[in-house]
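**Student:** for reference, the sequence and a predicted model appear below.
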Amino acid sequence: MKGYKGFNKTLQCRGKQYEIGKEYAEESAKLCKEGLHFCEYPLDVFNYYPPSESAFCEVDAPDDFVSPQTSTDSKRVSTKLTIGAKLELHTLIEAAIKFTFDRAKKSGNTKHATGPRGAASATGYQGAASATGYQGAASATGYQGAASATGPRGAASATGERGAASATGERGAASATGYQGAASATGYQGAASATGYQGAASATGPRGAASATGYQGAASATGYQGAASATGPRGAASATGERGAASATGPRGAAIALGIEGKAKASLANWIILSEWEYANDSWERKTIKAFKVDGKKMKADTYYTLKDGEAVEAE
């Protein structure tokens, strides 16, 4: 059984150290108590490890060793587990979309599916696809196509030039890989990925993840503990939710963390913008906003910083 597992940044889970490429075994498996845990649905890992401060890997468990127990999400437990490749944010999002499409009930060659687990596909020029039902999937691969999935766990994918993908349901995933594509995921723990040139990704749900890997792409995560990542040249990542994290690793990029206890990191010569808050008069108030250039001396590259007493300090 293929699955996905979350860890802290050093690949530890519940005090156990893991390594990529290794197989692990336990004597017994009992859900949430003992054994080797993982999730079938990629984005369910966010229930246990927020995207802003975690690492994720593809895993494989022999079917005969997986416990029949299931939880309210797709969490499973096994006595044997092999740790596969480490996944970037956008790869995890794309896996979530594939997961939903593979399990969606096909409804002929239709462009609109409203039933539970329905699938809608529009591959022609300027086509549009919509899936509004439970676990529906929508795909628009043609030029200027648009895909929308509004049901819980729905997935929307627009891979054509200037395509747009929107997933507003709970745990929905949206991916736009075409030129100037836009992806938006506003549901709970939704994830948005825009890999095309000047693409934009927005995730507004709690612990949602937004990834923009194209040239001049923009990623925005406004929910609690959301994560925004911009890896393309001149990309911008913004995390405005409480304890959100922003990362800009592409050349001439910028990472902006404006939320309470937010943090940001960037590669060498990039900029990070941080905000500091204080609690006063029964509410949170912003004290200051400061910008810093990552010079490799005062500000380390690829290191998360937060603002404390007006100074940038390494985040925990």
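**Tutor:** Looks like it arrived, so ask away. From a predicted model like this one, the values you see are computed outputs, not experimental measurements.

**Student:** low-confidence regions, the stretch 51-200 of the chain specifically.
**Tutor:** For the stretch 51-200 of the chain, residues meeting the criterion pLDDT under 70 lie at 52, 101, 104-127, 131, 133-137, 142, 151-154, 169, 171, 189.

**Student:** mind listing the helices for it?
**Tutor:** For the stretch 51-200 of the chain, the helices defined by DSSP state H, counting those that start in this stretch occupy 89-103.

**Student:** stretch 64-80: how far from the chain's middle?
**Tutor:** 23 Å (C-alpha atoms, centre = their mean, to the nearest Å).

**Student:** tell me which residues of that stretch come out buried.
**Tutor:** For stretch 64-80, the neighbour count (16 or more other C-beta atoms under 10 Å) marks 65-67, 73-80 as buried. Glycine gets a C-beta too; all of them are placed from N, C-alpha and C.

**Student:** need these in CSV (columns: distance to Cys57).
**Tutor:** Formatted as CSV, the buried residues of stretch 64-80 follow (distance: C-beta to C-beta, whole Å):
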residue, distance to Cys57
Phe65, 18
Val66, 17
Ser67, 20
Asp73, 18
Ser74, 16
Lys75, 15
Arg76, 15
Val77, 16
Ser78, 14
Thr79, 18
Lys80, 15
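
**Student:** quick check: Ser238 touching Ala227?
**Tutor:** No. Here Ser238 does not reach Ala227: they are 11.0 Å apart, not a contact under C-beta atoms under 8 Å.

**Student:** gap between the residue nearest to the spatial centre of the chain and Glu285?
**Tutor:** Residue closest to the average C-alpha location in the chain (C-alpha atoms, centre = their mean): Ala209, at 3.2 Å. Ala209 sits 28 Å away from Glu285, going by C-beta to C-beta, to the nearest Å.

**Student:** my guess is Ser157 meets Ala146, correct?
**Tutor:** No. The criterion here is C-beta under 8 Å, and Ser157 misses it with Ala146 at 10.9 Å.

**Student:** list the residues that contact both of the two?
**Tutor:** 140, 165 (C-beta atoms under 8 Å, 6 or more residues apart in numbering).

**Student:** show me which of these two is the more surrounded one.
**Tutor:** Between Ser157 and Ala146, Ser157 has the larger neighbour count (other C-beta atoms under 10 Å), namely 31 against 24.

**Student:** beta partners of Phe7?
**Tutor:** Ala55 (DSSP bridges).

**Student:** state the pLDDT value of it.
**Tutor:** For Phe7, the pLDDT comes out at 97.

**Student:** likewise for Ser211?
**Tutor:** For Ser211, pLDDT reads 83.

**Student:** what's the closest non-adjacent residue to Met299?
**Tutor:** Phe292 (5.3 Å; C-beta to C-beta, 6 or more residues apart in numbering).

**Student:** list the contacts for the one you found?
**Tutor:** Phe292 neighbours (C-beta under 8 Å, 6+ apart): 271-274, 298-299, 305, 312.

**Student:** ok, and the most crowded of those?
**Tutor:** Result: Ile272 is most packed of these (other C-beta under 10 Å), 28 neighbours.

**Student:** can I assume that one is in contact with Leu258?
**Tutor:** No. Counting by C-beta under 8 Å, Leu258 is not a contact partner of Ile272; they are 11.3 Å apart.
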